[in-house]
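**Q** any chance you could fold what I've pasted below:
(chains A and B)
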Amino acid sequence: MSHTSSYLSRLTGFVPSPERPVMTEAQMRKLSEVILSMTTLDQAWITIEHSARVVTRIANDRVLATEDGSTIQLMIDVTDHNRNGVGLWTNQVTEGTLRALVQRADAMARAQMGNDEGAITAAPTVQDEIKPADLWRPATITAMHESRNTAVPTLIHGVTRRGLRAAGFVGLIAKSQSVLTREALHGYSEQTDCEVTMTARSADGRSSGWAGAANRDWSLIDVASIANDAAEMCIKNTGAVALEPGRRTAILGPAAVAQMMRYLNYEFDAEETDNGRTAFSKSPAGGNKLHQRVFDPRITMRSDPWDPDGGYPSSNGPFANPGKTWVENGVLKDMAYGVGYAMTKGKAYTSRPYSLRIEGGTTTLEQMIAQCKEGIYVNRFSSVDMIDARTGMMTGVTRDGCFYVKDGKINRPVKNFRFLESPFFILNKLVAIGPTHRAAFGYTPPGNPDYDPLDAQGQLPWPRHPMIVPPFMVEDFNFSALADAV
Amino acid sequence: MPDELAPPAALEELAAAAMDAARSAGATYADVRLGERQTYSIIQTFNIFSPGVLLAEYFSYGVRVLVDGAWAFAHGTVPSIDAIASTAREAVASAQGVARAGVATKADFAPATTVTGRYETPIKIDPFVVPAEEQLALLNAYAATLSRSVGSFPAFDLAIYVHNFRWNRERRTIATTEGTMVTQTLRTGSAGFGGGGDRGMGITSVRPPEIIAGAGGYEMVLVPGISERIKVAAEDGTRMARLPRRPLPVGRYPVVFDGYATAKVFGETISPALELDRVLGEEADASGVSLFAPLEETLGSQIAPTFVNVSADRPLPSMLGAQWDDEGVVPEPYAVIENGRIVDFHTSRCTAPALAAWYAKQGRPLRSHGCSVAPDPENPVLVRAPHVTMAPASSTASLDDLCKELTHGILVREIREVSTDQQYAGGQFSWADMLEIERGKVVRRLGETALQFSTKALWKSLKALGDASTIRTEYSRLYKGQPWFSALHATTAPAAFFGGINVVSTGRAL
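**A** Numbering: from 1, shown residues only, chains lettered A, B, ... in the order given. As a prediction, the model looks like this:
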């Protein structure tokens, strides 16, 4: 499935196989050490990302396209005596290319002006004993070669047999990442992941339903249920009528919650907060709300590399990225300190919480609907954008399932709404909180690059970090306008 | 700076090997994109961990095959005949699997003239051989002009400013089993200054529009007048930032867009909604279906006043210019909106057949307009809007003339981000320079205010367009596909006067 250069094979012993499509830690370390030996500069670090993925796209009841392949990405940063650095990115792993590029980068780094005010590798950082999170599932690797011919027909027929149009996505990925610095700071992670989503639409395009699942382990994804749930949602959504926008009780499904709460990663940034740029800032002039109650006292937010429902690499670059409790019983307990700010403040580095578990209740979606006198059930959103980080205000549009709830029952489907809301209001007017699950994102490209971690090529890589969230029942959710989109 | 790009002959040899392998393995049709992309960025930033110089060098390829009605795509990065041939065979095997499973797509495919040839963007000075220190000195000189012009106005936080030159050169070979074999070397560059600051006073950035963004070489940053343009933009931004600021009461107001704002809103609503793959439902589980679906109800329909005319093209040389698209088709200029009616869509070879009956009725040949784009060769091709241009008013109508029509309304001068929806059927923006106008004069800045619109209602409420003096070009990066990829979009448009847009408040105290 993937190919590798003969130089890479000779150097590291890596030969792609169905069982191991990406490099191991030892192979990545060997390659990093060889590249480090090519640069003569005092400060250098080598980042390697290697991924292999198998993707199937479905549209109009057929396979629209398949996409198979592997990608390797080398990022080499060199700095000479704290001057401005030179970054070098390539996907070409041949001795000649690498040596020539590194030599050129060295020469440019030596000619640099300015002062980098202390390169990262000079920082007195703490590299904790990192226990690598176990994010690799052999069942996913096996399925990379079998899923297309079994899962895809199941997905399509599960929708078309109900007289609906099927569109969907099946993606499986294996990925390994490594960092090695001149000072021998080292980090490594490997992971598998998969996501399946399905959109069922009526032939006239007036009704749409969506369902999805994401998991590290392919064997835990129930493809037939996803197709069935999407079809059911579409059928229930038939005949949607326009309802007056305004502030209403909202029942937000897990996918809708994940699409909003993913932006919290930025809000937890200590430097942005202390400079007055987040909703955790004390005021626009700065300060923070650490140890103050910020959310409903039932709410707890954690990140854990070993989270059984998702997890994430326990190191970010060469730095330990251990689990954290960000909010406990509604009180802000901790913030994320980037490397530079951690040095300034004497704190340990922590990545922003791109992966987050939000907990606080056990009320199921069905129970929320049953206890709702009047409100709107939202399956998910589209195009959620943060518009003001200082209040967390966001806008977006409901998509693929929006219903009027009356006297404890789904009363009728309604046309989509645009919303204008903030997690900082939502999490202070909660009626009920459900059990947590890892939510599938489906198509969720970045809104503003400040709030999403783009890769070296300026893209937000799929898959996103796991968001493990409950459904919420919220009072006075601001459905600000009707939306024409279906 | 990186080495020279790989010679065209070497790329073409690899492309031929991929096509031979695909054909031998049983593909009824195949195409390949392969090539090398190099970027050279000079970045002046006060973010201490960003490198001052960034070099990137990538080589990749993607092989697309059609077997028994099934499409498949495989990609790789190892530049050898064995590797690319093996990738082609894997794509064929994937397609055969899909065909066997009985879930292959319907494979209509518009005819295209077989082409061969090479093209290279003409440049005067190769930025890849201008030393980084020389470029940094010029960048700092422009940045100093910006700092001097802003002065000590307290709202601006120069510490988060980023200034940069970015240079790209890419050589890409596109080949098909029909016999097309072309290699184009495109060179583009951009220079950006500014950033933003918000110290509780609302957005008060001085962000001169990109002083260059186009096809060419280092000569683009040496043209006279750049310092003056930075100075004018900085002084103007400072003047506007000093205006008193308030949220506008919720309601419906007449609004004037400058050319940048018109281009941004058109370029992020109507233009991508005219991408035919969206209209045909191919993005239904991803970025969404178009508000212009179904096709048969939309073709010929009136979506704007009769004075609106919009054309599309990928002219050379320009930021989106190409001699051939990523299916090897020569892009052609075409009208998408004539006298306010939709007359055409952005198409590829895979999507154009849906318009066969429409073209036949008009006596036009069925062909792709050349809108297939793979941002990198390893990405699948998707339909992307080319450079779209709205014609200005033929009679005199400056921006001031349009504002004079406002007794009480809003002037939108630049929009950083438009939030749309899954069909581009509506949108909202708040991150923009919005000014309150009374009796034709700017009186305040607007804060905590967003404009919300339905796309169809917005363009139907258009009262007038500005003249040629108001024309501006705006660029957007729009995402599409699954997994998603962004591609650059460009729109040129005049200022515009809209009868009424809804104002909503975004401000709430925590």
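
**Q** which stretches of chain A have low pLDDT?
**A** Counting by pLDDT under 70, chain A contains low-confidence ranges at A:1-3, A:82-84, A:112-130, A:449-450, A:452-460.

**Q** quick one, longest helix in it?
**A** The longest helix of chain A (DSSP state H) is helix A:95-110.

**Q** show me what that helix is packed against.
**A** If you count contacts as 3 or more Cβ pairs under 8 Å, 6 or more residues apart in numbering or on different chains; DSSP states H and E, helix A:95-110 packs onto helix A:25-38, strand A:62-79, strand A:86-90, strand B:53-67. Just so you know, the C-beta spots here come from the backbone N, C-alpha and C atoms, and that holds for glycine as well.

**Q** output that helix as PDB, restricted to C-alpha atoms.
**A** Coordinates of each C-alpha in helix A:95-110 appear next as PDB, following Å, rounded to 0.1, in the frame of the first residue of the first chain:
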ATOM      1  CA  GLU A  95      20.500  11.100   1.300                       C
ATOM      2  CA  GLY A  96      21.400  13.600  -1.400                       C
ATOM      3  CA  THR A  97      18.200  15.700  -1.000                       C
ATOM      4  CA  LEU A  98      18.400  15.800   2.800                       C
ATOM      5  CA  ARG A  99      22.100  16.600   2.900                       C
ATOM      6  CA  ALA A 100      21.800  19.400   0.400                       C
ATOM      7  CA  LEU A 101      18.800  20.900   2.100                       C
ATOM      8  CA  VAL A 102      20.300  20.800   5.600                       C
ATOM      9  CA  GLN A 103      23.600  22.300   4.400                       C
ATOM     10  CA  ARG A 104      21.600  25.200   2.800                       C
ATOM     11  CA  ALA A 105      19.600  25.700   5.900                       C
ATOM     12  CA  ASP A 106      22.800  25.800   8.000                       C
ATOM     13  CA  ALA A 107      24.300  28.400   5.700                       C
ATOM     14  CA  MET A 108      21.100  30.500   5.900                       C
ATOM     15  CA  ALA A 109      20.900  30.200   9.600                       C
ATOM     16  CA  ARG A 110      24.400  31.400  10.000                       C
END
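
**Q** need the helices and strands packed on helix A:95-110 in CSV (columns: mean neighbour count and distance to A:Thr154).
**A** As requested, those are exported to CSV (neighbours: other Cβ atoms under 10 Å in any protein chain shown; distance: least, Cβ to Cβ, whole Å):
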stretch, mean neighbour count, distance to A:Thr154
helix A:25-38, 18, 36
strand A:62-79, 24, 13
strand A:86-90, 24, 40
strand B:53-67, 25, 22
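
**Q** of all the ones you listed, which one is nearest A:Asp106?
**A** strand A:62-79 (6.1 Å; Cβ to Cβ).

**Q** quick one: contacts for B:Thr114?
**A** Residues near B:Thr114 by Cβ atoms under 8 Å, 6 or more residues apart in numbering or on different chains: B:Thr176, B:Glu178, B:Gly179, B:Thr180.

**Q** spit out the contact partners of the closest residue to the last one other than its chain neighbours.
**A** Right, B:Thr180. Setting aside the residues directly before and after it, B:Thr180 is nearest to B:Gly328 in space (Cβ to Cβ, 6 or more residues apart in numbering or on different chains), at 3.9 Å. Applying Cβ under 8 Å, 6+ apart, we find B:Gly328 in contact with B:Asp31, B:Ala112, B:Val115, B:Ile174, B:Ala175, B:Thr176, B:Thr180, B:Val182.

**Q** recalculate using a threshold of 7 Å.
**A** B:Asp31, B:Ala112, B:Val115, B:Ile174, B:Thr176, B:Thr180, B:Val182 (Cβ atoms under 7 Å, 6 or more residues apart in numbering or on different chains).

**Q** which residues does the fifth one bridge with?
**A** Per DSSP bridges, the residues bridged to B:Thr176 are B:Asp31.

**Q** hang on, isn't it packed against B:Ala27?
**A** No. Assessed by Cβ atoms under 7 Å, B:Thr176 is found out of contact with B:Ala27, at 10.7 Å.

**Q** ok so, going back, ok, which of the helices and strands packed on helix A:95-110 comes nearest B:Glu282?
**A** strand A:62-79 (5.7 Å).

**Q** and the closest one, what does it pack against?
**A** Secondary-structure packing of strand A:62-79 (3 or more Cβ pairs under 7 Å, 6 or more residues apart in numbering or on different chains; DSSP states H and E): strand A:43-59, strand A:86-90, helix A:95-110, strand B:70-76, helix B:81-100.

**Q** now do 8 Å
**A** strand A:43-59, strand A:86-90, helix A:95-110, helix A:147-160, strand B:70-76, helix B:81-100.

**Q** centre of the chain to stretch A:214-227, how far?
**A** Averaging C-alpha positions (Cα atoms, centre = their mean, to the nearest Å) puts stretch A:214-227 18 Å from its chain's average.
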